[in-house]
Structures are given as C-alpha cells and as structure tokens.
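**Student:** Structure, please.
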Amino acid sequence: MTTMELHDSELGCKDYWDKAYVKELENFQNNDEDYGEVWFGEHTERKIVDWMTENIPNMGISIADLGTGNGHLLSELAEEGFHNLTGIDYSASSIELARAVNKGSPCITFLCRDLLQPCTGPERGQFDICIDKGTYDAISLSPTSATDRQAYKTSVLALLSSSTSSRFVLASVNWTVPELTEFFGDCFNVDEVLPSKEFTFGGVTGKDVSMVVFKRRDEETCSKGA
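**Tutor:** Numbers count the residues shown, from 1 in each chain. Next up, the predicted model:
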C-alpha cells in the first residue's frame, strides 16, 4: 500500500493556529469556563485517558502531549493522578493559553517547540509516552507534508526514551489504521488499536477516529528501517 499525500489546507499552516489560539486566549480571559476546542471531541480524549489509566500503573511516568493546544488532555491526565506531564506546541499563543488554563496544575509544564525541527534540547529522549491527538493530521495538511511528516516522525523518535517499553499514542481522522501502521511501521509496532465508532459508506466500513498505540522498536531495527 502506498500512502498518498492529502490536499493542503490552512489547518496545516502555523499562522492559522497562532491566530486561532490568540482568539481562544481572549475568550478564556473573558470567560474562564471557555477553554477552547477539544480536538476530536471529549469522547476521543476520554478513550485515550481511559487507556492510560487502565494500562499505565506508574503515575510518575514521563508523558508528552504533542501539539498540546489548550492543554486540556494533560489536565484530564492530571486529574487521574499522572504528575509528570509536558505539553509541546509550536505556537507561542497556544502555550500562553495552555498555561493560563492549567495555571493551577504544578505537575504540568509547557514547552514551545517546533516538532518539524531537529530535537537537540534537554527534552531529547526524556519521555516514556508521547500522545498525538490531531497534530500529525495538521502536519499532513501542510503544503510540504511529504517532508514534514518524515521530520515529525524523526522528532517523535527523538523525544521518546530509547526503551522498547516507550509508547506513541496517536489519534487521527485523516488516516486509517493501516495507513498509520505503514507510515510509522519502520520504527514502531502496533501495540493496540483502540475502539472507536464505525460507519459504513458505499459498502466500505471505516472508523470516525483511528486510534493506535504504537510500541517503539529496538534501535537497531529502527535504524535499518529509517
């Protein structure tokens, strides 16, 4: 199977997100119950949180939310007892919003970083679990998605611990599970596919959200596949 590139969209451009989060920050400052959009809905977010609570007994494990937006996913994880949480986003206005929304959560830190750039900072290799709920989808809509998707995969690998117990939890509405498996399969094995709603159109059955838990492959296997 050959993965086709998606048509580019403003959702794949940083300027769009900078403006969107400036507006969401203004809304939050006027009404602190309006923390902005939860990508893919709170139902999908809850699926991820439930998987974490059911499968990760170590609440101190290091977790990164890639493309954190308003940081809502991290606040939900903090409520469940996870306490080593980091949100990463390339939009400074996103980070400002996330810090405002989560100012009462000392166990959450936020980092403004472009995941398409080489990972050379202290965060390299520091995370046991990376979670992506929409960021890979947005990157897939950029005008340079073919190279950007590869750069993103490289960053995910750099952020994760080299241990084969490290996990990458990915939710997508643009890609099917087989397509995600094909693209990330050179360095990750599928550990689990999370359940989501199914629909049938034109005789073909699909899912509204593809949610995959990937397990990192060993360094030697990954370097050969990359």
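**Student:** from what I can see L194 touches R46, true?
**Tutor:** No - applying C-beta atoms under 8 Å, one finds L194 not in contact with R46, separated by 10.9 Å. From N, CA and C alone the C-beta is placed, and that goes for glycine too.
**Student:** Now S172. Nearest residue, chain neighbours left out?
**Tutor:** Spatial nearest neighbour of S172, excluding adjacent residues (C-beta to C-beta, 6 or more residues apart in numbering): S210 at 4.8 Å.
**Student:** where does that neighbour sit relative to W39, distance-wise?
**Tutor:** Distance of S210 to W39, computed by C-beta to C-beta, to the nearest Å: 14 Å.
**Student:** and if you look at G71?
**Tutor:** From G71 over to W39 the distance is 12 Å, taken as C-beta to C-beta.
**Student:** between these two, which one's more packed in?
**Tutor:** In this view G71 and W39 are compared by other C-beta atoms under 10 Å, and G71 has more residues nearby, 26 against 20.
**Student:** so that one touches K103, yeah?
**Tutor:** No - checked against C-beta under 8 Å, the pair G71 and K103 is beyond contact range at 10.2 Å.
**Student:** Ends of stretch 94-114, what's the gap?
**Tutor:** With C-alpha to C-alpha, to the nearest Å as the measure, stretch 94-114 spans 12 Å from end to end.
**Student:** and G203, what pLDDT?
**Tutor:** Per-residue confidence for G203 comes out at a pLDDT of 51.
**Student:** Tell me if I am right that T109 is in a strand.
**Tutor:** Yes - counting by DSSP: H, G, I helix; E, B strand; the rest coil, T109 is found in a strand.
**Student:** before we move on, the earlier item: neighbour count: L194 and R46, which is higher?
**Tutor:** Just comparing L194 and R46: by other C-beta under 10 Å the higher neighbour count belongs to L194, 19 against 13.
**Student:** That one: what's its closest spatial neighbour, skipping adjacent residues?
**Tutor:** Using C-beta to C-beta, 6+ apart and skipping residues adjacent in sequence, the residue nearest L194 is M211, 3.8 Å away.
**Student:** what about that neighbour, which helix or strand?
**Tutor:** strand 210-216 (DSSP states H and E).
**Student:** Identify the neighbouring strands of that strand in the sheet and state each direction.
**Tutor:** Its sheet considered, strand 210-216 pairs with strand 167-172 (antiparallel), strand 188-194 (antiparallel) by DSSP bridges.
**Student:** now the last one: mean pLDDT?
**Tutor:** Across strand 188-194, the average pLDDT comes to 96.
**Student:** in it, what counts as buried?
**Tutor:** Applying a neighbour-count criterion of 16 or more other C-beta atoms under 10 Å, one finds 188, 194 buried in strand 188-194.
**Student:** quick one: contacts of it?
**Tutor:** Applying C-beta atoms under 8 Å, 6 or more residues apart in numbering, the external contacts of strand 188-194 come out as 47-48, 51, 167-168, 177, 181, 210-217.
**Student:** how about a cut-off of 10 Å?
**Tutor:** 44, 47-48, 50-51, 55, 153, 156-157, 160, 164, 166-171, 177-178, 180-181, 184, 207, 209-217, 221-222, 225 (C-beta atoms under 10 Å, 6 or more residues apart in numbering).
**Student:** Report the spatially closest residue to A64, excluding sequence-adjacent ones.
**Tutor:** Using C-beta to C-beta, 6+ apart, the closest residue to A64 is F127 (4.4 Å).
**Student:** what do you get for M52?
**Tutor:** Of all residues beyond its chain neighbours, the one nearest M52 is L77 (6.4 Å), with distances taken as C-beta to C-beta, 6+ apart.
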